[in-house]
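> Give me a model of this one.
(one chain, ligands or ions: 2)
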Amino acid sequence: MFKRIAAVCVVSLASAAWADIQPAEGFKVYPYYLPQLPADKSGQWMIGFDRGPDKDLYFTTGDFSPAMTLWRYDAGGLAEIWSGPDYAGAGVLATHKTVYFTEDSNFTLYRYGTRDAAAPVTEYSQPFLYALAVRGRTLYASGLDSNWQSCIYASQLRPDGSLAEKPMLNLGVVGDPSGPLAFDGAGNLYYASGYLSGRILKYSAPEVHAALAGQTPLGQPAQHVWASFAATGLDGATGLAFDGQGNLVASLTSFGYPSELVRFGVCAAGNFGGLTELASSTGRISAVQLVNGVICAADESGIYTLDRPRIPGDSNRDGKVDFADYQVLEGNFNTHELGWENGDFDGDGLVSFADYQQLEANFGDSIPEPSSLPLLLAGLAAAGRRKMRR
Ligand SMILES: [Ca+2]
Ligand SMILES: [Ca+2]
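Ligands and ions are numbered 1, 2, ... in the order given. Here you go, the predicted model:
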């Protein structure tokens, strides 16, 4: 039965062709990181990602041979951490000093200590773990029980990142096919169906605590429906994250593609406050994460951010390209820095001459130090040309 689900995924995803994400009116799509994988892995596409507290980016890629790879992108550039002959699972979670990721061939959860020299280790196995989330020192996962009912599982984390509870605690049946989960700042748990029902459930922080304490399981999904997105025509979600304003952003699909990125408004009282479409794709928008205050979403080709229109070169996003932006770029020049805010405007993970050219082309007239700027720009341009000739 598990193999059959994997086979459905194969059919569903294989025909989705690296499609562009199209922004909704008023928004634009910007590349956050489009990895250049080595030739022997270039056929793999992005599955999941997370950026840990140490700012390193971890992501998985995979294909249907099957093969999957865990990568890290940091100051040293792109590094392969682990690879195996497995279907990549949806879950990648970078937290504290530990990265967790899942594969969907044998439903294994791997643990990787980012400060250790050791390779990732098998931490836990249970059909069918789908999405991962962490709050405090507790790891949560959505998955199926032996009766094929979707449940929320949890385990305390030991100091070394290993799971204290194996099997993981079953916090209760949440009804809908397994989808992503996320916590708001107050510890309320939001859970989106993976397909079929098109709704998001909400369990309050006290309800989660009671379930963790073994008092009252979560359960009663019909009484916990927070929002429905059936009106979008899509019935499932693959990614869920809170944005910097406390609203919930989700990638929606009907088991593959097409897909949409939407924002569920959260009212002051915590109620659902309306749906805003951010982007759509004929392909598959999957993992969603808040990175440095900006919502990032992955499709097959890489990670993108959705934002109001920006001017290329405006690294601090104050609406003008000026000396402050130049200083950011200069400070990071020729380093492996991710993100527009660090001067990587084209999303190749390197602050380079190509980024400088975008800044130069849009350089505005509000320059705090007009006398010194042309010289600085000329110096940087020369440095860039020297680098390019090499
Ligand atoms: Ca600026
Ligand atoms: Ca760049």
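> rest of the way, CA atoms for contacts and neighbours
Noted.
> what number of residues lie near the residue lying closest to residue 236 once chain neighbours are set aside?
Leaving aside its chain neighbours, residue 236 sits nearest to residue 195 (3.7 Å; criterion: CA to CA, 6 or more residues apart in numbering). Residues within reach of residue 195, counting by other CA atoms under 10 Å, total 21.
> ok, now residue 308?
Neighbour count of residue 308, defined by other CA under 10 Å: 12.
> Would you give the sheet partners of the strand or helix carrying residue 170, along with the direction of each?
Using DSSP states H and E, residue 170 maps to strand 169-173. When pairing is defined by DSSP bridges, strand 169-173 lines up against strand 150-156 (antiparallel).
> who's in contact with the residue nearest to residue 236?
Going by CA atoms under 8 Å, 6 or more residues apart in numbering, residue 195 touches 176, 177, 178, 179, 235, 236, 237, 253, 254, 255.
> so which strand or helix has residue 72?
Counting by DSSP H and E, residue 72 is part of strand 67-74.
> okay but residue 248 is in contact with residue 227, surely?
No: applying CA atoms under 8 Å as the test, residue 248 and residue 227 come out as separate, 10.8 Å apart.
> what's the offset of the strand holding residue 72 from the middle of its chain?
14 Å (CA atoms, centre = their mean, to the nearest Å).
> Contacts for it, please.
Contacts for strand 67-74 (CA under 8 Å, 6+ apart): 44, 55-62, 78-88, 336-337.
> quick one: strands adjacent to that strand?
strand 57-63 (antiparallel), strand 77-84 (antiparallel).
> These: which one's closest to ligand 2?
Ligand 2 sits nearest to strand 77-84 of all the strands paired with strand 67-74, at 12.4 Å, using CA to the ion.
> hmm, back to that, and the gap between the residue nearest to residue 236 and ligand 2?
Shown here: residue 195 relative to ligand 2, a distance of 37 Å by CA to the ion, to the nearest Å.
> Run a quick neighbour tally on residue 96.
Using other CA under 10 Å, residue 96 has 17 other residues around it.
> Name whatever forms a beta bridge with residue 92.
With beta bridges defined as DSSP bridges, residue 92 has these partners: residue 101.
> What are the buried residues along stretch 205-214?
207, 208, 209, 211, 212 (16 or more other CA atoms under 10 Å).
> Any chance of those residues in a markdown table with secondary structure as columns?
Converted to a markdown table, the buried residues of stretch 205-214 look like this (DSSP: H, G, I helix; E, B strand; the rest coil):
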| residue | secondary structure |
| --- | --- |
| 207 | helix |
| 208 | helix |
| 209 | helix |
| 211 | helix |
| 212 | helix |
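> between the residues you listed, which is nearest ligand 1?
So of the buried residues of stretch 205-214, ranked by how close each gets to ligand 1 (CA to the ion), first place is residue 208, at 42.8 Å.
> Right, I'll leave it there.
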